[in-house]
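Asks: Provided below for reference: sequence and predicted model.
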Amino acid sequence: MAQALARLTVWHINTTAVGGGVADLLEKTVGLHNDSGLRARWLVLTGEAPFFAVTKRLHHRLHGTPDPFGELGPADRDLYEDTTLRQAHAVLDRVAPGDLCVLHDPQTLGLAPHLAAAGLHVVWRCHIGTDTPSEVVRDTWSFLDPYLQAPARCVFSAEGYAPPALTREEGRVVILRPSIDPATRKNRPMTDMAVHQQLRTIGLEAGDRRPARSPAARTARIVQDRPLPADAPLILQVSRWDPLKDMAGVLRAFTDHIAPARPDTHLVLAGPEPSDIPDDPEGAQILGELHRAREPLDARVRGRVHLVTLSLRDAAANADSVNALQRRADVVVQKSLQEGFGLTVTEAMWKSRAIVASAVGGIPHQIRDGFEGTLVPDPHDLSAFGRAVLRLLSDPGLRARIGTAAHRRCTKDFLIYREFLEYCSLYVDVLQQTWATRNA
Ligand code: UDP
């Protein structure tokens with residue numbers, strides 16, 4: 001495969017260098033491409049706030065969320081096309097004819113016609129979607145339709161995510177499940193001692209925290225009444241501060257259904273510093289709402305709720321903190337209302353955690369209920385979610401069994417090596433199609 005691809009560069013293109021699953025995935029994937037003898041590069045495109053406001057609407061809409069701003073109109077299209085045209089010029093300045101570009105997510109799809117017209121091989125990979133398309137999803141696909149004809153292949157994380165018109169076209173839709181890299185700082189083994197040390201360093205647990213001005217200590221902002229006791233049972237959700245991750249719902253499930261039954265249990269909600277993610281404009285607002293929801297809680301419950309904001313500027317510190325938090329947790333939850341795939345779930349599976357997650361989007365493709373974790377069918381059902389968490393908290397044997405099964409499944413299906421080989425097959429397939437078309 002490397003021989004077939006030897007003469008070209010593979011460019012992976014998205015709109016953020018940090019924050020969220022796609023950036024995380026690209027860093028590792030592009031590294032593995034190069035380590036394996038391919039020439040791959042990663043380009044991050046910039047845009048202005050109004051462009052990202054439109055693309056965040058596309059993101060929510062493709063997950064089926066009603067759009068509070070109403071229809072997508074000509075002004076939205078102009079904004080989208082002006083920015084993607086400028087971005088396409090920036091890409092064309094860098095690439096050579098015959099190179100292969102993998103565009104990630106709706107933010108970059110608008111580049112596809114320009115790049116294909118310039119003689120590049122173009123693949124579009126969409127990491128989001130829903131199995132249950134509604135009017136708003138269909139409407140969003142209509143908006144994106146003019147750009148969907150250009151990519152040689154459109155890649156989705158799950159079978160139901162592709163728009164029906166594309167699915168009917170023989171061979172243009174490819175399903176590719178995301179993955180994690182077990183060798184990175186975020187997933188490498190950590191001793192219990194290292195876990196607690198990292199959590200003390202960022203100030204979550206009490207102890208010999210490094211001086212506040214040390215770089216490690218400055219990578220986290222923590223809102224808590226007092227530190228997390230080193231032996232307290234812990235429930236964790238780690239996610240971007242996005243309404244679809246429903247951190248607020250996790251907090252309510254904790255206060256109303258978990259905390260009263262388990263007065264020893266703590267909750268950590270952890271996510272990235274909002275200002276570090278340019279293409280996700282909603283983070284600060286969601287985080288602010290969580291602060292306001294936590295503040296008036298009864299002191300006995302509020303003392304057990306910790307809000308952790310991790311800076312993404314120091315990638316190593318962020319990875320160490322996420323790794324330590326996931327390993328420290330007794331139950332990892334992902335109570336998303338919609339989820340493209342859910343790499344936080346994959347990461348927790350790798351770490352043999354007991355997981356409670358909503359049965360939405362990509363999550364049921366990773367976890368079978370009762371085997372590799374517990375799935376809650378209705379993501380709005382806080383009481384069912386609370387019951388599932390309490391059941392796992394009260395049964396260490398069950399947690400261990402589920403954690404072992406989760407790790408096994410992750411090893412088999414969700415590691416980066418499998419995904420890389422599927423990428424290579426995809427590239428070869430795209431090149432072969434071009435050769436076949438030229439020789440026809
Ligand atoms: N993540 C992180 N720091 C944070 C919060 C999240 O590094 O403070 C990472 C997390 O470990 C995972 C990714 O961001 O690798 C989130 O990917 P996922 O597929 O779960 O969700 P997305 O953000 O892409 O919707």
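Replies: Received, thanks.

Asks: three-state assignment of Leu312?
Replies: Of the three states, Leu312 takes coil according to DSSP: H, G, I helix; E, B strand; the rest coil.

Asks: next one, pLDDT for it please.
Replies: The confidence metric pLDDT takes the value 91 at Leu312.

Asks: how many residues are close by it?
Replies: 20 (other CB atoms under 10 Å). Heads up, the C-betas are built off the backbone N, CA and C, glycines and all.

Asks: distance check, it against His104.
Replies: Computed with CB to CB, to the nearest Å, the distance linking Leu312 and His104 is 18 Å.

Asks: isn't Ala194 right next to Ala324, touching?
Replies: Yes: in this structure, Ala194 sits in contact with Ala324. The criterion is CB atoms under 8 Å, and the distance is 7.3 Å.

Asks: contacting residues for the residue of the chain found nearest the ligand?
Replies: Taking CB to the nearest ligand atom as the measure, the point where the chain comes nearest the ligand is Gly21, at 2.7 Å. Gly21 makes contact with 127, 178, 340-344 under the criterion CB atoms under 8 Å, 6 or more residues apart in numbering.

Asks: and the furthest pair within those?
Replies: Taking CB to CB as the measure, the contacts of Gly21 span a maximum distance of 13.6 Å, between His127 and Thr344.

Asks: have a look at the two and say which one is more surrounded.
Replies: Just comparing His127 and Thr344: by other CB under 10 Å the higher neighbour count belongs to Thr344, 28 against 24.

Asks: which residues does the host helix or strand of that one contact?
Replies: When secondary structure is defined using DSSP states H and E, the element that contains Thr344 is helix 343-350. Helix 343-350 is contacted from outside by 21, 24-25, 178-180, 182, 186-187, 237-239, 322, 326, 329, 332, 334, 339, 355, 357, 363, 366-367, 372-373, 406-407, 409-411, 414, using CB under 8 Å, 6+ apart.

Asks: and those residues, which are buried?
Replies: The neighbour count (16 or more other CB atoms under 10 Å) marks 21, 24-25, 178-180, 182, 186-187, 237-239, 322, 326, 329, 332, 334, 339, 355, 357, 363, 366-367, 372-373, 406-407, 409-410, 414 as buried among the contacts of helix 343-350.

Asks: residues contacting Ala75?
Replies: With the criterion set at CB under 8 Å, 6+ apart, Ala75 makes contact with nothing.

Asks: wait, isn't Val30 in contact with Arg39?
Replies: No: because the distance of 10.3 Å does not satisfy CB under 8 Å, Val30 is recorded as not touching Arg39.

Asks: who has more neighbours out of the two?
Replies: Val30 (18 against 15).

Asks: ok so that one is a helix residue?
Replies: Yes: Val30: assigned to a helix according to three-state DSSP.

Asks: let me know the pLDDT of it.
Replies: Per-residue confidence (pLDDT) for Val30: 97.

Asks: now for it: which residues touch it?
Replies: In this structure, Val30 makes contact with 12, 40-42, judged by CB under 8 Å, 6+ apart.

Asks: most neighbours out of the residues you listed, which is it?
Replies: Note: the member of the contacts of Val30 with the most neighbours is His12, at 25 neighbours, neighbours being other CB under 10 Å.

Asks: show the backbone phi and psi for it.
Replies: Main-chain dihedrals, His12, degrees, to the nearest 10: phi -100, psi 130.

Asks: any idea what it is bridged to?
Replies: Taking DSSP bridges as the rule, His12 bridges to Trp42, Val102.

Asks: my guess is it contacts Leu43. True?
Replies: Yes: judged on CB under 8 Å, His12 makes contact with Leu43 at a distance of 7.3 Å.

Asks: quick check: closest non-adjacent residue to Ala317.
Replies: Thr219 (3.9 Å; CB to CB, 6 or more residues apart in numbering).

Asks: again with Ala4
Replies: Sequence neighbours aside, Val428 is the residue nearest to Ala4 in space, at 5.3 Å (criterion: CB to CB, 6+ apart).

Asks: surely the one you found meets Ala2?
Replies: No: the criterion here is CB under 8 Å, and Val428 misses it with Ala2 at 10.2 Å.

Asks: quick one: is stretch 166-181 near the ligand?
Replies: No: if you take CB under 6 Å from any ligand atom as the test, stretch 166-181 misses the ligand, and the best it gets is 6.9 Å.

Asks: contacts for that stretch, please.
Replies: Contact with stretch 166-181 is made by 21, 25, 28, 32, 125, 127, 148, 151-159, 162, 186-187, 341, 343, 346-347, 350, 362, 365, 410, 413-416, 418-419, 422-423, 426, as judged by CB under 8 Å, 6+ apart.

Asks: give me the subset of those residues lying in strands.
Replies: By the criterion of DSSP state E, membership of these in strands covers 125, 153-156.

Asks: what's the farthest-apart pair in the residues you listed?
Replies: The largest separation in those, counting by CB to CB, is between Arg153 and Phe156 at 10.2 Å.

Asks: out of the two, which sits in the busier spot?
Replies: Between Arg153 and Phe156, counted using other CB under 10 Å, Phe156 has the larger neighbour count: 25 against 20.

Asks: gap between the closest residue in space to the more buried one that isn't next to it in sequence and Cys126?
Replies: By the measure of CB to CB, 6+ apart, the closest residue to Phe156 outside its immediate chain neighbours is Ala162, 5.0 Å from it. Shown here: Ala162 relative to Cys126, a distance of 8 Å by CB to CB.

Asks: what's the overlap in contacts for the two?
Replies: With contacts defined as CB under 8 Å, 6+ apart, the residues shared by Ala162 and Cys126 are 154, 156.

Asks: which parts of the stretch 251-400 of the chain sit against the ligand?
Replies: Counting by CB under 6 Å from any ligand atom, the residues of the stretch 251-400 of the chain lying close to the ligand are 270-272, 310, 318, 322, 340-344, 347.
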